[in-house]
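Peer 1: Pasting the sequence and the predicted model now:
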Amino acid sequence: MPTQAEFLAARPTWSGWGKARALGPKAERWVLHAGPAFEKPVDIPAPVRNALIAAILFEGWATDDAQARALIYRGDVVTLPAQDFGLVTPLAFPVSPSMTLM
């Protein structure tokens, strides 16, 4: 475990940026989320589900909330844990293919 002095001495460096599609799964429609995988769409907590809906709308896969929700419940959008792809994201902040990552 680093000491406080070692932690404070660290100097983060910019290593690049790009679209999430370069790091995500090969599925056509996917959204990554924080935490463990959900066994069923009904298991997705409301804040995460709402964020997934926003990501689906951002991608243009649906034109309104109801269509986006239907995509989730039918399994037409793959939802996977972001950490499985080396990504870190806050609890209710999804990552979809068109999003820019640093």
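Peer 2: Cool, got the structure. Quick caveat, the model's predicted, so the values are computed rather than measured. Numbering: from 1, shown residues only.
Peer 1: who's in contact with the closest residue to Ser98 other than its chain neighbours?
Peer 2: Nearest non-adjacent residue to Ser98, counting by CB to CB, 6 or more residues apart in numbering: Glu59, 5.8 Å away. The way it works is simple: take the backbone N, C-alpha and C, and place the C-beta from them, glycine included. When contacts are counted by CB atoms under 8 Å, 6 or more residues apart in numbering, Glu59 touches Arg29, Ser96, Pro97, Ser98.
Peer 1: Kindly indicate which of those lies nearest Lys40.
Peer 2: Closest to Lys40 out of the contacts of Glu59 is Arg29 (17.7 Å), distances taken as CB to CB.
Peer 1: residue boundaries of the helices in the chain?
Peer 2: 4-9, 46-59, 65-74 (DSSP state H).
Peer 1: Now for Pro25: which residues touch it?
Peer 2: Val78, Leu80, Phe85.
Peer 1: Compare these and tell me which has the most neighbours.
Peer 2: For those, counting by other CB atoms under 10 Å, the largest number of neighbours falls to Leu80: 17 neighbours.
Peer 1: Quick one, grab the pLDDT at that one.
Peer 2: pLDDT, Leu80: 94.
Peer 1: Surely it touches Trp30?
Peer 2: Yes. Counting by CB atoms under 8 Å, Leu80 touches Trp30, with 6.4 Å between them.
Peer 1: looking at it, Ile72 is touching Val48, isn't it?
Peer 2: No. The pair Ile72 / Val48 is not scored as a contact, 10.2 Å apart, by CB under 8 Å.
Peer 1: from what I can see Trp61 touches Ile72, true?
Peer 2: No. Here Trp61 lies out of contact with Ile72, judged by CB under 8 Å, at a distance of 10.3 Å.
Peer 1: More neighbours: those two, which one.
Peer 2: Ile72 (20 against 17).
Peer 1: how about that one, what does it touch?
Peer 2: Pro41, Ile44, Arg49, Leu52, Ile53, Ile56, Thr79 are the contacts of Ile72 under CB under 8 Å, 6+ apart.
Peer 1: any idea how far the first one is from Thr13?
Peer 2: It refers to Pro41. The gap separating Pro41 from Thr13 is 39 Å, by CB to CB, to the nearest Å.
Peer 1: Nothing else from me, thank you.
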